[in-house]
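J.: Got a sequence here, can you build the structure:
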Amino acid sequence: MSVATGTSARRLLVGLLFVPLTALPIAAAETPVGFRQLTSTHPVAVQRGATSTVEVRSNFTLDGTHSVLFARPGLIMTYAEDKPIEAPAAARTSVGTPFRFRIEAPADQEPGVYEFRVATRYAVSSVGQLLVTELPVVSESAGENGTPAAAQKVTVPAALCGTCEAYEDVDCFRFTAEAGRELTFQVYAQRVTDRLHNMVVRGPGIYLMDPILTLYGPNGQVVAQNDNYFGGDSYFYAKLPLAGEYTLEVRDARYAGNPRYTYCVEVSDRPHALALFPMAVQAGQAAEVEVIGHLLGDMSPTKLTAPADKAPGWLTQRVETPRGLTNPAPLLISSNPQVVELERPDAESDSPAGASVAAAPPRNDTIALAQAVTVPVGINGRVGEPDDVDYFSFAAKKGENFRFEIEARRRGSPIDSVIELYGPDGKKLAENDDIQFTKDSRLFWAAPADGTFTAAVRDLHGRGGPEFVYHLRAEPAEADFEVHGEYYYAMLAPGTRMIWFARVERLNGFDGPVTIDLEGLPAGVTLTPVTIPKGMNHCAMILSAAPDAKVAASLVRTVGRASIVGAGGQTRDVVRYGRATCEQQASGGGQARWPVETQLVGITEPLDLTRVEATPAEITLKPGEKAAIKVRIERAKAYTEPVTLDMAFTYFETAFGQQLPPNVKMAPESKLRLAGDTLEGTVVLEAAANALPVERLPIAVLARVSISFSVTTNYCSNPIYLTVPAAK
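T.: Below is the predicted model:
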C-alpha cells in the first residue's frame, strides 16, 4: 500500500531494533529527497556468529544513513561507505546503485529471513530482506559458471549465494562427496525478495524468480530435482548414490533473469525439520510431537510441554535428534484444548507392535466416519496422502456463530487448504479457499438450525503427504474487528505533516467505535487522536513533526482499540494490531500489495513542501449542503513541479485510503491542481441528504507530490475537525 513522501513514497509497519549509525555528508548533487527504493541485497545471507559485508542497492543514494531497523532484534547493521556516492533516480527496471553495509549476527541469532529498513537524513527506505543461516556463506564467483564444466568449486555444507542476473543465466556449483552421503538442498529466492518494492523484470507476469534446483551425479545423470516446494522456492533431500563430483544447477524455471534475482541455496547435512505434528500444544499441557523431515536419525516422538505462563501464539522450537538439534520449526501455544486427527494405519509397518490394521480406529475420511470434536478446539491434522479429506463433526445450535481458520501455509506447510462445512443431511453449506495474501483458509459461519454439522479439510489440488500438516482453529465467533490500511512508511521534516489511512474490517456484527493509535513514534512526532465512529470503517492518521524535532527514525505499530459488549452482556477491551502491506509496482504501471512486518516513520531534513495550511479548522457540514476549504502550500526553493490536492489516497480509480464519512464527497468545483506560481487551491466538500452524522472527526487535505508514475508523497494540512449533524 503506497503512501509517498518527500520526493518519494512513504509507508509504515512494525519493528524493534534501532541502530544509530555515523552519518556521512550528503553528496552535493543530492537536493530534494527521493524515497529509497531498495532493490536487492547481495549476498542475501549472513552466517550467524560472524561479521559480514553486504551490498544493498537503492534507486537513490543511501549516503547519510543513520539507522538500520530490523523487524526482530539482534542483528546490527551499519553503513560502511567512507565517501559520498551519487545515485541519481533510476528507471523502474533498474537495479540501482550498490552501497556497502557491515552486519554483525550474534552466535545465537535465530536462523530465518529478516525484514529491514534503512533511514537516512533525507529519506527512509522500502523493505529489504536478509537471510540468517547457520552455514558458511559462499558467494558466486565473478567468472562464468553456467555449465557443469565451468561450475564453481565449493565445499559443502554451505550457503551458496548468487544472482540469476540475466535471461537464460544458469549458475552451477560443484562439490565432491562420498557415496551414501545425505544432504538437503533448499533455495531462498522468493522468500528473500517477495517484499521488495519493485520486482518487475520484463513483460507481464515476470516478477519474482521461480527457482528450480537440479543435482547431477558424477555420471552426468540427474540425481534429484525440484521446482516448487516452499511456495515457489525449491527443496529436496538426496542420498548420494556414487562417490565423486556432483553439480548443483540453479536457474529460473522460465529462464528469466534480472540483477534483482538474488538467492541463497542451503546445502546441509544437519537435521532438517519440515514440520512438527501436532503443530500445537495447549498452554500448560504436554504432547507427544513427531518431527517430520530429513536427517533426523532413528528417533521417537518427542514430549514437549507448553509453559503455562506463555502467552498463546506461535513460536519456534528446536528438537534434539540422534544427529543433533533441528532447525527451528513452528509450534503454536494455544489456549484451546487440542485434539489430534485419528488416522488409521494403512500398512503393518505403520501399526503398533502386535496390533492389527483391522483393529485400528476408523479413518475420518467420510462424513459418516467424521471425528467428533467439541468446540472450542484446536484440531491438528494432516492430509497424509493424495485425495485425502479429513472430516470433523460438532454440535451447534441455531444462530450460533463460529470461526474456522487454518494455519498451515503461513507456517511452512505445503498444503493449499480448503475448508468445507456440511449440514446434518450431508449437503454443503459453506466453503473457503484462500484468505488475503495466503493459501490458508478462514470461514465465519452461523448455524442455520440445531444439529450436528461437519467441517472438512482438504488440499485444493488433491495433493498430500506426511508434511501436509495443518492446525484448524474452531471456536465460537465473537464480535471483533481487524485493522488494515495504508501505513507503510512516512517521512516528515520538522514542522510538517504527513497522512496515513486506517481501515477496520468489522466481524460478527461488531459496529461500535474503534480508536486508532500508533505505538513507538520517534520523539517529536505525534498522531492526531482519532476514533472511527459507528457506521464508518476508515479514518485519517494525521502525523505531525514538531518544529524542533531532530532527525531520527523508528519502527511503529498501528493499533486499534475497542470496548465490545458480548452476547452475555460482559464488556471486552479488545486490542488489534494493524496488518500492513507494501506496494509492489506491477508491469505497465499497476500496483500490487504484499504483507510486510514493518511500519517506518522517519524525521528528515526539509522536503519538497515546507508547509500546507487549510482554513477553516472547524467545519459543520449539514446534509444537502457544501463547505469550502482554502488551502495554501509553501514550496522548497528547488521544488517547482505540480502539486495535487485531494481528500483520499487514490491510484487511478482505486481509493487505497479514505477519510470522509459515508456520503460526503469532494465536489467537482474544487480547485485541486497547483502548478507554476499557483500556491492556493480550494477543496469543496458536499454532504448528501443521507450523510453519516459525525462529531469533530479529524480530516486533512492531501497535497500530493509525484515521485514516479505510480508513487507520490502525501503531505497534508493541519487537522480539520468535521461535524455532520443528523438530518432533520
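J.: confidence score at Ala159?
T.: Per-residue confidence at Ala159 stands at 98 (pLDDT).
J.: Look through this protein and tell me its longest strand.
T.: Scanning the chain for the longest strand, with DSSP state E as the assignment, gives strand 552-565.
J.: quick one: average confidence on the next helix or strand after that strand?
T.: Following the chain from strand 552-565 toward its C-terminal end, the next helix or strand by DSSP states H and E is strand 571-577. Confidence over strand 571-577 (mean pLDDT, whole number) is 95.
J.: which strands and helices sit next to strand 571-577?
T.: strand 480-486, strand 552-565 (3 or more CB pairs under 8 Å, 6 or more residues apart in numbering; DSSP states H and E). All C-beta atoms are positioned from the backbone trio N, CA, C, and that covers glycine.
J.: buried stuff in the shortest one?
T.: Of the residues in strand 480-486, those buried under the neighbour-count criterion (16 or more other CB atoms under 10 Å) are Asp480, Phe481, Val483, His484, Gly485, Glu486.
J.: where does the protein dip in pLDDT?
T.: Across the chain, the ranges flagged by pLDDT under 70 are 1-34, 89-93, 199-206, 344-362, 585-591, 708-710.
J.: Please enumerate residues in contact with stretch 654-668?
T.: The list of residues contacting stretch 654-668 from outside it, by CB atoms under 8 Å, 6 or more residues apart in numbering, reads 1-3, 485-486, 499-501, 503, 535-536, 538-540, 591, 621, 626, 646-650, 683-688, 690-692, 694, 697, 699-700, 722, 724.
J.: repeat that with 7 Å
T.: Applying CB atoms under 7 Å, 6 or more residues apart in numbering, the set of residues contacting stretch 654-668 from outside is 1, 485-486, 501, 535-536, 538-540, 621, 626, 647-650, 683-688, 690-692, 694, 697, 699, 724.
J.: Quick check: buried residues in that stretch?
T.: In terms of neighbour count (16+ other CB under 10 Å), stretch 654-668 has its buried residues at Phe656, Gly657, Gln658, Gln659, Leu660, Pro661, Pro662, Val664, Lys665, Met666.
J.: Any idea how far apart the tips of that stretch sit?
T.: For stretch 654-668, the first and last residues are 18 Å from each other (CA to CA, to the nearest Å).
J.: and if you look at stretch 534-547?
T.: Stretch 534-547 has an end-to-end distance of 35 Å (criterion: CA to CA).
J.: so how far is that stretch off the chain centroid?
T.: Stretch 534-547 sits 23 Å away from the centroid of its parent chain (CA atoms, centre = their mean, to the nearest Å).
J.: Touching it from outside, list them.
T.: With CB under 7 Å, 6+ apart as the criterion, stretch 534-547 contacts 487, 490, 492-504, 506, 511-513, 516, 524-528, 530, 532, 601, 603, 658-659, 661-662, 692, 698-700, 716, 719.
J.: Can you name the residues bridging to Lys428?
T.: For Lys428, the beta-bridge partners under DSSP bridges are Tyr422.
J.: That one against Tyr422, yeah?
T.: Yes: because the distance of 5.6 Å satisfies CB atoms under 7 Å, Lys428 is recorded as touching Tyr422.
J.: who's more crowded, the two?
T.: Tyr422 (20 against 11; other CB atoms under 10 Å).
J.: what sits against that one?
T.: Tyr422 makes contacts with Ile367, Lys428, Leu429, Phe453, Thr454, Ala456, as judged by CB under 7 Å, 6+ apart.
J.: which residues in the stretch 401-550 of the chain form strands?
T.: Remark: strands of the stretch 401-550 of the chain, listed N- to C-terminal, are 401-407, 417-422, 428-432, 442-446, 451-459, 469-476, 480-486, 489-492, 497-507, 514-519, 525-527, 530-532, 538-545; assignment by DSSP state E, counting those that start in this stretch.
J.: Just want the angle from the fifth one to strand 417-422.
T.: If I follow you right, that is strand 451-459. For strand 451-459 and strand 417-422, the angle between their directions (axes from the mean of the first three to the mean of the last three CA atoms, to 10 degrees) works out to 160 degrees.
J.: So what's the residue count around the residue nearest to Pro218 when sequence neighbours are not counted?
T.: Counting by CB to CB, 6 or more residues apart in numbering, the nearest residue to Pro218 once its immediate chain neighbours are dropped is Gly244, at 3.0 Å. By the other CB under 10 Å criterion, the neighbourhood of Gly244 contains 13 residues.
J.: likewise Gln152?
T.: Applying other CB under 10 Å, we find 20 residues neighbouring Gln152.
J.: quick one: it from Gly220, how far?
T.: Gln152 sits 18 Å away from Gly220 when distances are taken as CB to CB, to the nearest Å.
J.: Likewise for Tyr651?
T.: 52 Å.
J.: Which one of the two is surrounded by more residues?
T.: More neighbours sit around Tyr651 than around the other of Tyr651 and Gly220, counting by other CB under 10 Å; the figures are 16 against 8.
J.: List phi and psi for the more buried one.
T.: Tyr651 adopts backbone torsions of phi -130, psi 110, taken as degrees, to the nearest 10.
J.: what are the bridge partners for it, then?
T.: Beta-bridge pairing of Tyr651 under DSSP bridges involves Thr654.
J.: related to what we said a few turns ago, nearest to Asn401, out of the buried residues of stretch 654-668: which one, please.
T.: Within those, distances to Asn401 taken as CB to CB reach their minimum at Pro662, with 25.6 Å.
J.: hang on, the earlier thing: nearest to Asp169, out of the strands of the stretch 401-550 of the chain?
T.: Put simply, out of those the one that sits nearest Asp169 is strand 489-492, at 32.3 Å, with distance taken as CB to CB.
J.: quick one: the closest one to chain centroid distance?
T.: On the basis of CA atoms, centre = their mean, the separation between the geometric centre of strand 489-492 and that of its chain is 19 Å.
J.: now do stretch 118-135
T.: Relative to the chain's own centre, stretch 118-135 is displaced by 15 Å; criterion: CA atoms, centre = their mean.
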